[in-house]
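Colleague: Below is the sequence, then the predicted model.
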Amino acid sequence: MKPQLTLALALLLTTSQTFADSKKQYEVSITNITKGQSFTPVFFATHDSSSSAFSLGAPASIAVERLAEGGDTAMLTTDLASASGETHTMPADSATGLLEPGMTTTVQISGHHWEHSLTVMAMLLPTNDTFVALSGVKLPRRGSMTYLALAYDAGTEANDQLCANIPGPVCDGAPFSDPSTTDEGFIYISNGFHDIGDLAPMMYDWRNPIAQITVTRIK
C-alpha cells in the first residue's frame, strides 16, 4: 500500500474516532406530578440551540398540533432531524404505554458538543390540545440538572372538554380536529380544566408545574 494512502486511511480513522468520542451521553428522567392527567409516550430530542419546537404566543406548527391533539411525535422528529443529535419517543412501562400520575420514565440520549440543547414533550390526556414541554434547555456539562416543566395549550382546538374530541383511554374520542374560528390560534401557558363538557375538574384539573425532569451527564 502506498504511504500516502496509508496516511489518508489513518487520518480518516482518527477523525472518525474523534467524532464518535465527541458525543456526550445523558440520562433523562421525567416524572408526572399531576393528580389526574396522563402523558402520551414522551418525545426527547437533543439539538443545537438555534432550533426550537415552538414559541409562546406564536401559532403552533403542524408538528406541535399533531403532538398536542393526538400524541403523534413523527412530525416533530422530522422537523428537528436537521438540527437533532438524537430523538426518542418513549412509552411508559404501563399497560397503556402512558406515563400515569406519579410514574417516571427514563431514557438515555446522546449529542455532540454542538448539540447542547434538550427538548422534552408529551400530550396530556384527557385534554383537547394540552402538552407538557421542556423546550431547548441547556444540557449539563457535568453532574445533573433538575427542571420543573409546565403545561401549554397549542391553541389548535377549542377546550370544550367533550370526550368526542379527546383521544385516549378515558374518552376514546377523535385525536385531531379541523381548524375552527373557536381555536385560540397561538400557544400559551395552559389555564387548566374548567367546569364544562364531559370531564370534571376535580378529577382532571392541574396546577403548574406538572412534570419534574432530571438530566444527568453519564459519559
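Modeller: It's in. Just so it is clear, the model here is predicted, and its values are computed rather than measured. Residues are numbered from 1 along each chain as shown.

Colleague: Give me the secondary structure label for the most centrally placed residue in the chain.
Modeller: Centroid check for the chain by Cα atoms, centre = their mean gives M121 as the closest residue, at 1.6 Å. When classified by DSSP: H, G, I helix; E, B strand; the rest coil, M121 comes out as strand.

Colleague: Over to S110?
Modeller: Three-state assignment for S110 (three-state DSSP): strand.

Colleague: Okay, and the beta partners of it?
Modeller: Counting by DSSP bridges, S110 is bridged to Q25.

Colleague: ok, it - how many residues close by?
Modeller: Neighbour count for S110, taken as other Cβ atoms under 10 Å: 14. Every C-beta, even on glycine, is put in place using the N, C-alpha and C of the backbone.

Colleague: Run a quick check on it versus E86, I expect a contact.
Modeller: Yes: counting by Cβ atoms under 8 Å, S110 does reach E86; the two are 5.3 Å apart.

Colleague: Show me which positions of stretch 112-122 end up buried.
Modeller: Of the residues in stretch 112-122, 115-122 count as buried by neighbour count, 16 or more other Cβ atoms under 10 Å.

Colleague: residues in contact with stretch 210-219?
Modeller: 24-34, 37, 39, 108, 118, 120, 124, 132, 134, 137, 139-151 (Cβ atoms under 8 Å, 6 or more residues apart in numbering).

Colleague: Which among the residues you listed count as buried?
Modeller: 24, 26, 28, 30-34, 37, 39, 118, 120, 124, 132, 134, 137, 139, 145, 147, 149-151.

Colleague: Just the ones of those in strands?
Modeller: 24, 26, 28, 30-32, 39, 118, 120, 124, 132, 134, 137, 145, 147, 149-151 (DSSP state E).

Colleague: could you pull out the helices for the chain?
Modeller: Taking DSSP state H as the test, the helices found in the chain are 3-21, 62-70, 74-79, 201-204.

Colleague: worst-scoring helix or strand of the chain, pLDDT-wise?
Modeller: helix 3-21 (a mean of 45; mean pLDDT, DSSP states H and E).

Colleague: so Q25 touches Q108, yeah?
Modeller: Yes: Q25 is within contact range of Q108, at 6.4 Å (criterion: Cβ under 8 Å).

Colleague: just for this structure, where's the confidence low?
Modeller: Scanning the chain with the threshold set as pLDDT under 70 gives 1-22, 82-84, 113-115.

Colleague: again, only this time at 90
Modeller: 1-23, 48-51, 78-86, 90-96, 111-116, 177-183 (pLDDT under 90).

Colleague: Distance of the closest residue in space to L162 that isn't next to it in sequence relative to T127?
Modeller: Nearest residue to L162 in three dimensions, chain neighbours excluded: G197, at 4.8 Å (Cβ to Cβ, 6 or more residues apart in numbering). According to Cβ to Cβ, to the nearest Å, G197 and T127 sit 11 Å apart.
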